[in-house]
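>>> Have a look at this fold, sequence not included:
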């Protein structure tokens with residue numbers, strides 16, 4: 001019994017000494033929720049640096065978002081390449097990417113010309129027009145792709161933990177460019 005206890009204590013202390021000798025890596029990964037931003041209405045995201053030894057380097061973020069209610073549904077998949085510049089915990093973030101999204105709507109047409117038929121008691125529509133979908137910019141249909149840019153501030157604690165960001169996210173597609181779209185995100189860096 002004494003030898004087992006002594007062996008466990010030696011293992012514990014040697015592991016503790018070994019762990020103190022290792023240099024800890026900076027928090028180069030994060031998970032976060034973003035309202036607005038590249039995910040369009042909102043998204044859950046995973047962000048990582050290509051160089052796992054430097055926070056202020058090139059990286060990538062991948063996420064997903066969506067909703068389904070009252071017959072309408074929306075799904076988004078934002079992907080961006082980004083770079084953090086600065087010294088911990090304060091970084092300027094730039095990025096470029098695209099967001100794939102798909103949607104469906106129950107009521108996507110409406111009557112623009114019609115009359116009430118008294119014999120049948122029904123409204124008869126002569127011609128319909130589509131509502132068309134837009135998310136700030138007009139969209140040609142579903143599925144679709146929206147280009148995204150990213151300029152903002154990200155706070156990443158030097159030893160990990162609660163992280164947050166605030167960004168301007170210009171969006172664009174074949175129907176135009178909108179420079180004043182933004183986002184805010186909250187999460188955990190590790």
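Perfect, thanks for sending it. This is a predicted model, so every value here is computed, not measured.
>>> Show me where this structure has its strands.
29-36, 42-49, 58-69, 72-87, 90-104, 109-117, 122-130, 133-135, 137-139, 144-155, 161-168, 171-173, 176-178, 182-189 (DSSP state E).
>>> Is it possible to get a markdown table of the ones you listed that adds mean pLDDT and mean neighbour count?
In short, each C-beta sits where N, CA and C put it, glycine included. Output for those, formatted as a markdown table (pLDDT from 0 to 100; neighbours: other C-beta atoms under 10 Å):
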| stretch | mean pLDDT | mean neighbour count |
| --- | --- | --- |
| strand 29-36 | 97 | 18 |
| strand 42-49 | 97 | 19 |
| strand 58-69 | 94 | 16 |
| strand 72-87 | 95 | 17 |
| strand 90-104 | 95 | 17 |
| strand 109-117 | 72 | 10 |
| strand 122-130 | 69 | 10 |
| strand 133-135 | 69 | 15 |
| strand 137-139 | 87 | 16 |
| strand 144-155 | 97 | 18 |
| strand 161-168 | 97 | 17 |
| strand 171-173 | 96 | 19 |
| strand 176-178 | 95 | 12 |
| strand 182-189 | 97 | 18 |
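>>> What lies in contact with stretch 43-50?
28-34, 37, 39, 55, 57-65, 76, 78, 82, 84, 185, 187 (C-beta atoms under 8 Å, 6 or more residues apart in numbering).
>>> can we see that at 7 Å?
28-34, 37, 55, 57-65, 76, 78 (C-beta atoms under 7 Å, 6 or more residues apart in numbering).
>>> do the same with stretch 182-190
With C-beta under 7 Å, 6+ apart as the test, stretch 182-190 has contacts from 27, 29-37, 156-157, 160-169.
>>> ok, now with 6 Å
With C-beta atoms under 6 Å, 6 or more residues apart in numbering as the test, stretch 182-190 has contacts from 27, 29-37, 156, 160, 163-169.
>>> again with stretch 35-42
63, 65, 76, 78, 80, 99, 135, 148, 167, 169, 182-184.
>>> Export these to JSON lines and append columns for distance to residue 114.
Shown next, in JSON lines, are the contacts of stretch 35-42 (distance: C-beta to C-beta, whole Å):
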{"residue": "63", "distance to residue 114": "44"}
{"residue": "65", "distance to residue 114": "38"}
{"residue": "76", "distance to residue 114": "36"}
{"residue": "78", "distance to residue 114": "41"}
{"residue": "80", "distance to residue 114": "46"}
{"residue": "99", "distance to residue 114": "38"}
{"residue": "135", "distance to residue 114": "30"}
{"residue": "148", "distance to residue 114": "41"}
{"residue": "167", "distance to residue 114": "46"}
{"residue": "169", "distance to residue 114": "42"}
{"residue": "182", "distance to residue 114": "42"}
{"residue": "183", "distance to residue 114": "42"}
{"residue": "184", "distance to residue 114": "45"}
